[in-house]
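In: got a sequence here, can you model it:
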Amino acid sequence: MSQQKAILRANGFTFKQFFVAHDRCAMKVGTDGVLLGAWAPVAGAGRVLDIGTGSGLIALMLAQRTAETVAIDAVELDEQAAGQAQENAAASPWAGRITVYQDDILQWAKNCGQRYSLIVSNPPYFVPGVDCATPERASARYTSDLTHDVLLACTENLITEDGYFCVILPESAGNKLVELALQRGWHLHFRTDISDNETRPPNRVLLAFSPRPGEQFLDRMTIRGPDQRYSEAHCSLTREFYLFR
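Out: Numbering: from 1, shown residues only. Coordinates of the predicted model:
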C-alpha cells in the first residue's frame, strides 16, 4: 500500500506511462474518456485529431497506442483546460508528437489545412437544463455550444476518405447521433454498447463512423462482473493504462 501511495500524485490521475493533471479543467478524468482512448481504432492511423481535448487525456492515450511517426492535434475551447492539456503533453513521453490548440473547433477547422485518419471526441451531450457551477463546466457538458449535427459537419471537412470518427455518448444520445450520421452519409463501422454490469441495460455507447462503406461490427461490454470486480473485457481494454491492474 505504501508503494501505491508513493506513485500517486494529487490534483490529477496517474496512469502507467503518464500523469494527467486536471484541477484546472471543468471535466475531470473519467471512465468515458478512458474507454474512448483505449477503444478507438488506431491501426493505420497517420494523423490524429482530438476535438474538445479537455485535460488532454485521450490525446495522451492515443499517443501511447500509436507509432512514433503519428502526429496528434488536440483542440480545446476553454483557455484554462487548453493550458493544462499543453502542460500534460509537455510532461509526457510524447511531447514532440502532441500539439494543443486553444480555439473554437469550428473556426480552427476553417484554417486547418489537414485531413485526419482518426478523429475522436468525448463531446457535450446534455441538452441545456440545470445550471452548472461554472460556464466552463456548462460548455463541457451541454450541446448549446457544439451540437452533434455541427460536430458531424465539422468532421466531414477534416476526415480522410478511409478515416474513422469516434465518440462516446450516453446510449440514447448515441442512437440519435447514429441517425444523424447516417442521414449525412456516414457509415457506422464499430459499435460497443457498455453496461455497468450484466443485469443492467447499456447506458453508454462507443461509436466509430467512416465516410466509406464497410462491414459493421457490433458488440457489448460490461464494466463489472457478478462479483463487482472489473470484468475481463474491461481489464483487457484498459490494462495498458490503469495502474495496479
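
In: V150 touches L106, doesn't it?
Out: Yes - V150 is within contact range of L106, at 7.0 Å (criterion: Cβ atoms under 8 Å). Using the backbone N, CA and C atoms, a C-beta is placed for each residue, glycine as well.

In: lowest-pLDDT helix or strand in the protein?
Out: For the chain, counting by mean pLDDT, DSSP states H and E, helix 135-141 ranks last in confidence among helices and strands (a mean of 42).

In: following that helix, which helix or strand comes up?
Out: Per DSSP states H and E, the first helix or strand lying C-terminal to helix 135-141 is helix 148-156.

In: now for that next one, which elements pack on it?
Out: Contact partners of helix 148-156 among helices and strands, from 3 or more Cβ pairs under 8 Å, 6 or more residues apart in numbering; DSSP states H and E: strand 47-51, helix 105-110, strand 116-121, helix 171-183.

In: any low-confidence regions in this structure?
Out: 1-8, 124-145, 244-245 (pLDDT under 70).

In: helices of this structure, start to end?
Out: Taking DSSP state H as the criterion, the chain contains helices spanning 2-7, 31-39, 57-65, 79-90, 105-110, 135-141, 148-156, 171-183, 232-238.

In: with mean neighbour count and distance to R191 added, can I get these in TSV?
Out: TSV is the format used below for the helices of the chain (neighbours: other Cβ atoms under 10 Å; distance: least, Cβ to Cβ, whole Å):
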stretch	mean neighbour count	distance to R191
helix 2-7	8	36
helix 31-39	21	11
helix 57-65	26	19
helix 79-90	20	28
helix 105-110	16	24
helix 135-141	18	23
helix 148-156	18	16
helix 171-183	16	8
helix 232-238	16	15
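
In: nearest to G225, out of the ones you listed?
Out: Among the helices of the chain, the nearest to G225 by Cβ to Cβ is helix 232-238 (7.6 Å).

In: got the contact list for that closest one?
Out: Applying Cβ atoms under 8 Å, 6 or more residues apart in numbering, the external contacts of helix 232-238 come out as V34, L35, A38, W39, M221, T222, I223, R224, G225, R245.

In: nearest to R65, of the residues you listed?
Out: Nearest to R65 among the contacts of helix 232-238 is A38, at 7.8 Å by Cβ to Cβ.

In: so the closest one sits against L60, correct?
Out: No - if you go by Cβ under 8 Å, A38 and L60 don't touch, sitting 11.7 Å apart.

In: for the helices and strands packed on helix 148-156, which one sits closest to R97?
Out: Using Cβ to Cβ, the nearest of the helices and strands packed on helix 148-156 to R97 is strand 47-51, at 9.2 Å.

In: how far off helix 79-90 does that closest one point, in degrees?
Out: With axes from the mean of the first three to the mean of the last three Cα atoms, to 10 degrees defining the directions, strand 47-51 sits at 150 degrees from helix 79-90.

In: could you list the buried residues of strand 47-51?
Out: For strand 47-51, the buried set under the neighbour-count rule, 16 or more other Cβ atoms under 10 Å, comprises R47, V48, L49, D50, I51.

In: got it, and stretch 113-127?
Out: So stretch 113-127, judged by 16+ other Cβ under 10 Å, has buried residues Y116, S117, L118, I119, V120, S121, N122, P123, P124, Y125.

In: which of these lies closest to P213?
Out: S117 (16.9 Å).

In: tell me the contacts of the closest one?
Out: S117 neighbours (Cβ under 8 Å, 6+ apart): G44, A45, G46, R47, V48, I159, T160, D162, G163, Y164.
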